[in-house]
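Chemist: Dropping a prediction and its sequence here:
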Amino acid sequence: MIKFSKISFVLLCMIMPIVVQALEVSSKVTEVTLYPNKARETRTGKISITQTGEQEIIFRDISRFIDPHSIQVSISGLNILSVSTRVNYLGKKTDQVQMKVWKDSLENIQETRAWLQEKIAVAQGELKLYDQNLTIGGEQTSLYPKAVEDLATLYKNKTIKIREQIFQLKKEDKSLGETIQKLQAQINTAGPNNQPVQEIVVKTVASKTGQSDYQINYMVSQAGWTPMYDIFSKNLTQPLQLKMKAQIVQQTGYDWDNVKLTLSTAQPQQNQKMPEWSTEYVDFKQEYQYLRKESAGIKAPSLSMKSSAAYDQVEEEVIQIVETSTAQLYQIPRSQNIASTNNAKLVDISEIEMPSIYKYESVPKRDLFIYLVAKVPQWESYNLLNGKANIFFEDTYVGQIYLDAKSVVDTLNISLGKDELVFIDRKSINDYTSKKLIGSNKREDKTIEITLKNNKKASVDIVINDQIPVSRQKDIEVILNDSDKAVYNSENGKLEWNLNLKPGESKKIRFNYTIKYPSDKKISLQ
């Protein structure tokens, strides 16, 4: 009997399936490389391997926006067989600590308000009861004047106290209602938090037990950054001060707590294949008549970053900038906390002093204002990126411009606003403007006059830009007759005057040009 039991046990072990042990690991994001429209999360830590052989390691609480194809896992001392992801609908939802605080506060205040409204109902019922008793008493009994007076006094004293109580309770109810609205708005702003979570499942084989270091890298969407700038000019004698910032938004579902942050200008997971060269042919064009139908454009999904989004506190940093073969990296030295919300966070990247030349400029044909412009030569050496820039002049916010870092111009022009103390006007002089028919051609003569007046207490140097039209037809001829000493560019028709106006001084500029063209044609200026 004993021998049979041993044999049975051995046979039972042979036919039973081998159960792979599952080891659940609660990990956290320790490093983040943030790209313009994605992020690479890195999780590092230690796990304890208690048995050898094949086993399954499950890394829990991963963002549902993970790209499964981007996962890279390394665990010291273990042979990795496979890596996959799965959805856990019963696991911990992406409900952050701060979100739980808001929800708990909302629930407590809602309960307090509900009880408060019960008190209001009781007080209103008591007031109604006094009103009914007073009516019944007056109908059923014939009261003497003294009794009527005593009853009125009693009613007045009681009802005033009740009404005062109702008034105070309603004030408190209104205040609680406003607090509930604010908390609800804060919860809504933080985004959805009841979504299922992802898990990374790693199948491994361990040859020995003990502590193992692990590192996991993967890409997630719903995160990104854009550069922003603040440009300051204290006065016309000092260089511009430029502060570069990163506007960061992440809605991965999990807060990044105490993470090492790197900002990158690379564009991962976009089409990286270089276009192929092919022969281009020319042929006669086939003419068809057809009805044109506009097709609906389909836009690729992108992370929404609202310009009106609230900003968290700006972090002051000294950034290390690293230039790679294909991107620029900004390594933030201090650990960052970035919540998963709709709100953007600003992180300072760098501060640059840019020597500038200040000039007053105007294009009176477009608008009749003089603008103060800061000209920054060799600005490409600052390695700036495309982004919006807030302009401040003499501690006053002037406006916002878009800084096009891909521009090929040698000098960056930054408008610092209009100067209302310098007057400018532009008009056609009718006495010198005419149309004539000469043989088979028409001739149009035009004279433009620009008037300037300096109402400032100091002299100003002003650059005035105007133009004459440029012909693209051999039958249309444009002749500049008088430029009033302007610098003329015949390729684009630009006229430029560099003037100095003393305090209170006025000046006039006149230029004249002629357009000749066939009399049977009409011309249009674009």
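Modeler: It's in. What you are looking at is a predicted structure, and each value in this text was computed from that prediction instead of being measured.

Chemist: now the helices: where do they sit in the stretch 1-150 of the chain?
Modeler: Using DSSP state H, counting those that start in this stretch, the helices found in the stretch 1-150 of the chain span residues 2-15, 97-140, 145-189.

Chemist: Which of these comes out lowest on mean pLDDT?
Modeler: Here the lowest mean pLDDT among those goes to helix 2-15, at a mean of 48.

Chemist: In the stretch 401-526 of the chain, what residue spans correspond to strands?
Modeler: Using DSSP state E, counting those that start in this stretch, the strands found in the stretch 401-526 of the chain span residues 411-418, 422-428, 434-438, 441-454, 460-467, 477-482, 487-489, 494-501, 506-518.

Chemist: Hmm, I476 and Y517 touching each other?
Modeler: Yes. Y517 is in contact with I476 according to CB atoms under 8 Å; the separation is 4.6 Å. For the C-beta atoms, the positions are set from N, CA and C on the backbone; glycine is no exception.

Chemist: can you list residues touching both of the two?
Modeler: Common contacts of Y517 and I476 (CB atoms under 8 Å, 6 or more residues apart in numbering): I523.

Chemist: the more surrounded of these two?
Modeler: Y517 (18 against 15; other CB atoms under 10 Å).

Chemist: which residues touch that one?
Modeler: Here Y517 is in contact with N441, K442, Q473, D475, I476, E477, I523 (CB under 8 Å, 6+ apart).

Chemist: Next one: the closest residue to the first one other than its chain neighbours from K474, what distance?
Modeler: The shortest distance from N441 to any non-neighbouring residue, by CB to CB, 6 or more residues apart in numbering, is to K516 (5.4 Å). According to CB to CB, to the nearest Å, K516 and K474 sit 12 Å apart.

Chemist: Compare the two (neighbour count), which wins?
Modeler: K516 (16 against 6).

Chemist: Would you agree that one is in contact with Q473?
Modeler: No. Using CB under 8 Å, K516 is not in contact with Q473, being 11.2 Å away.

Chemist: Residues that sit against both of these two, list them.
Modeler: In contact with both K516 and Q473: no residue, using CB under 8 Å, 6+ apart.

Chemist: Sketch out the helices for the stretch 151-300 of the chain, chain order is fine.
Modeler: Read by DSSP H, counting those that start in this stretch, the stretch 151-300 of the chain holds no helices at all.

Chemist: what are the ranges of the strands in it?
Modeler: For the stretch 151-300 of the chain, the strands defined by DSSP E, counting those that start in this stretch occupy 197-206, 210-220, 223-233, 240-250, 256-264.

Chemist: Mind listing what's buried along the shortest one?
Modeler: Residues of strand 256-264 classed as buried under the neighbour-count rule (16 or more other CB atoms under 10 Å) are W256, V259, K260, L261, T262, L263, S264.

Chemist: Ok, stretch 370-385 next?
Modeler: I370, Y371, L372, V373, A374, K375, V376, W379, L384, L385.

Chemist: wait, what's in contact with V220?
Modeler: Applying CB under 8 Å, 6+ apart, one finds that V220 lies in contact with K38, A39, R40, E41, S63, F65, I66, D67, T252.

Chemist: For it, report the pLDDT, please.
Modeler: 94.

Chemist: ok, what's across the strand from it?
Modeler: For V220, the beta-bridge partners under DSSP bridges are A39, I66.

Chemist: correct me, but S84 touches V73?
Modeler: No. Using CB under 8 Å as the test, S84 is too far from V73 to be in contact (10.5 Å).

Chemist: re the thing from before, in PyMOL, select just the buried ones from the contacts of V220.
Modeler: Those of the contacts of V220 that count as buried under 16+ other CB under 10 Å are selected in PyMOL with:
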select buried, resi 38+39+40+41+63+65+66+252
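
Chemist: Please identify which of the contacts of V220 is nearest to R366.
Modeler: K38 (40.9 Å; CB to CB).

Chemist: Isn't that closest one up against M219?
Modeler: Yes. Between K38 and M219 a contact is recorded at 5.5 Å, counting by CB under 8 Å.

Chemist: what residues are up against Y397?
Modeler: N390, I391.

Chemist: neighbours of D484, just the number please.
Modeler: Neighbour number of D484 under other CB under 10 Å is 14.

Chemist: Looking at the contacts of V220, which one is closest to I464?
Modeler: Comparing the contacts of V220 against I464 with CB to CB picks out K38 as the nearest, at 48.0 Å.

Chemist: so what's that closest one up against?
Modeler: With CB under 8 Å, 6+ apart, K38 has these contacts: M219, V220, S221, A223, G224, P268, Q269.

Chemist: residues of stretch 445-453 that come out buried?
Modeler: In stretch 445-453, counting by 16+ other CB under 10 Å, buried: K446, T447, I448, E449, I450, L452.

Chemist: Quick one, grab the pLDDT at the fourth one.
Modeler: Among the per-residue scores, E449 holds a pLDDT of 95.

Chemist: before we move on, what about the last one?
Modeler: Looking at L452, its pLDDT reads 95.

Chemist: Can you get me a residue count around the nearest residue to L127 once chain neighbours are set aside?
Modeler: The shortest distance from L127 to any non-neighbouring residue, by CB to CB, 6+ apart, is to I162 (4.7 Å). I162 has 19 neighbouring residues, counting by other CB under 10 Å.

Chemist: list the contacts for I162?
Modeler: A123, E126, L127, Y130.

Chemist: now, among the residues you listed, which is nearest to Y229?
Modeler: Once CB to CB is applied, the member of those that ends up nearest Y229 is A123, at 58.9 Å.

Chemist: thought that closest one was touching E164?
Modeler: No. Using CB under 8 Å, A123 is not in contact with E164, being 9.7 Å away.

Chemist: Which of those two has more residues huddled nearby?
Modeler: A123 (20 against 11).

Chemist: which residues does the residue nearest to I429 when sequence neighbours are not counted form a beta bridge with?
Modeler: Excluding its sequence neighbours, the residue lying closest to I429 (CB to CB, 6+ apart) is T447, at 4.3 Å. Beta bridges link T447 to N512, judged by DSSP bridges.

Chemist: Against R510, how distant is T447?
Modeler: Taking CB to CB, one finds T447 at 6 Å from R510.

Chemist: Now list whatever residues contact both of those two.
Modeler: Shared contacts of T447 and R510 (CB under 8 Å, 6+ apart): I429.

Chemist: Among the buried residues of stretch 370-385, which lie within strands?
Modeler: Y371, L372, V373, A374, K375, V376 (DSSP state E).
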